[in-house]
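Trainee: No letters, just coordinates:
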Ligand SMILES: Nc1nc2c(c(=O)[nH]1)N[C@@H](CN(C=O)c1ccc(C(=O)N[C@@H](CCC(=O)O)C(=O)O)cc1)CN2
């Protein structure tokens, strides 16, 4: 039976640490501030933003959300980001994804000052990550790596399969796993015979948004399964991994909900503190 990797427990531990970090900054009259940009009224984003707001308040991070209508013009959004880049009261900026289709996500992310890039999605920070500089890391990637640390899951020489090649998870995670000396494969929508790859994997991280894509017959005995997928079906939240069926065969597994999600939000708060500390280095 697999060890259940408890995202809520690890998130609470990380949040306590972040709260201490914030207290220390406050003693120097530094008040970490996160500005969140929300475009439109996507129901799932609303849930995630509420979780972020609540945790920011709990750990003492100042948070303000700017909500724009779904039909906002790209130039106006980029202009707002530029103003936030210049605002000394703002330490960290993030744009909640997904964005409405008429907006160019790449251009919007590129408008964020890399020094205030809470998500670590800016090409400059993604490039630094590939060079092994691990201070600014996308929150979901930080969350996945924290599970390996907290549960002493050794990565050296292991076959790690990432399913999904987004800049939010798949690509930056590959660089972190390589740093830890795993042998990394990235599968994606055009991959043939996915099961051939999953059966050889010691570690599988799935982020494709396809409910129960990874089944019991596709994994090897003792595999570590990290499920980033979040699929809402008939009011239920399901992961990319068939959790119940894989539980007896895996050695460790994250549940959905209660796995990667909560730890991602705590990791974002950690990232806000890191950005604030870097901006105030020497104070
Ligand atoms: N700018 C960003 N946009 C998005 C990101 C991101 O990292 N940056 N990731 C996801 C959404 N996300 C954070 O923004 C996120 C997803 C899930 C959770 C979470 O706590 N999930 C709970 C379940 C909550 C529910 O009931 O739906 C869980 O897994 O237990 C938090 C944040 C896409 N966009």
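Mentor: That came in fine, so what should we check first? Computed from a predicted model, the values in this text were never measured in an experiment.
Trainee: List the beta-bridge partners for residue 64.
Mentor: Beta bridges link residue 64 to residue 35 when assigned by DSSP bridges.
Trainee: any idea how far it lies from residue 91?
Mentor: According to CB to CB, to the nearest Å, residue 64 stands 12 Å off from residue 91. From N, CA and C alone the C-beta is placed, and that goes for glycine too.
Trainee: Need the overlap of contacts for these two.
Mentor: With contacts defined as CB atoms under 8 Å, 6 or more residues apart in numbering, the residues shared by residue 64 and residue 91 are 33-34.
Trainee: and those two? which has more neighbours close in?
Mentor: Using other CB atoms under 10 Å, the more surrounded residue of residue 64 and residue 91 is residue 91, with 27 against 13.
Trainee: From the ligand, how far out is the more buried one?
Mentor: Applying CB to the nearest ligand atom, to the nearest Å, the value for residue 91 to the ligand is 16 Å.
Trainee: Ignoring the adjacent residues along the chain, who's closest to that residue?
Mentor: residue 276 (4.3 Å; CB to CB, 6 or more residues apart in numbering).
Trainee: Over to residue 76?
Mentor: Residue 76 sits nearest to residue 68 (CB to CB, 6+ apart), 7.7 Å away.
Trainee: I figured the one you found was touching residue 41, is that so?
Mentor: No. In this structure, residue 68 is not within contact of residue 41 by CB atoms under 8 Å, at 10.4 Å.
Trainee: quick one: what helix or strand has the residue nearest to the spatial centre of the chain in it?
Mentor: By CA atoms, centre = their mean, the chain has its centre lying nearest to residue 140, at 1.7 Å. Element membership of residue 140 [criterion: DSSP states H and E] is helix 139-150.
Trainee: and that helix, anywhere near the ligand?
Mentor: Yes. With CB under 6 Å from any ligand atom as the criterion, the ligand is reached by helix 139-150 at 139-140.
Trainee: i'd like the first residue to be 867 from this point on
Mentor: Sure, I'll start numbering at 867, so the last one becomes helix 1005-1016.
Trainee: Quick check: residues of the stretch 867-1016 of the chain near the ligand?
Mentor: Contacts of the stretch 867-1016 of the chain with the ligand, taken as CB under 6 Å from any ligand atom, map to 913-914, 917, 960-963, 985, 1005-1006.
Trainee: leaving aside the residues next to it on the chain, what's closest to residue 918?
Mentor: Distance criterion CB to CB, 6+ apart; nearest residue to residue 918, sequence neighbours excluded, is residue 1131 at 5.6 Å.
Trainee: Give the buried residues for the helix or strand where the one you found lies.
Mentor: Assigned by DSSP H and E, residue 1131 belongs to helix 1126-1145. Judged by neighbour count using 16 or more other CB atoms under 10 Å, the buried positions of helix 1126-1145 are 1126-1143.
Trainee: the helices in the stretch 917-1066 of the chain, which residues?
Mentor: 940-952, 971-977, 989-996, 1005-1016, 1036-1045, 1060-1064 (DSSP state H, counting those that start in this stretch).
Trainee: residues making contact with the longest one?
Mentor: Under the contact criterion CB under 8 Å, 6+ apart, helix 940-952 has outside partners 901, 903, 905, 932, 934, 956, 959, 961, 968-970, 973-974, 977-979, 982.
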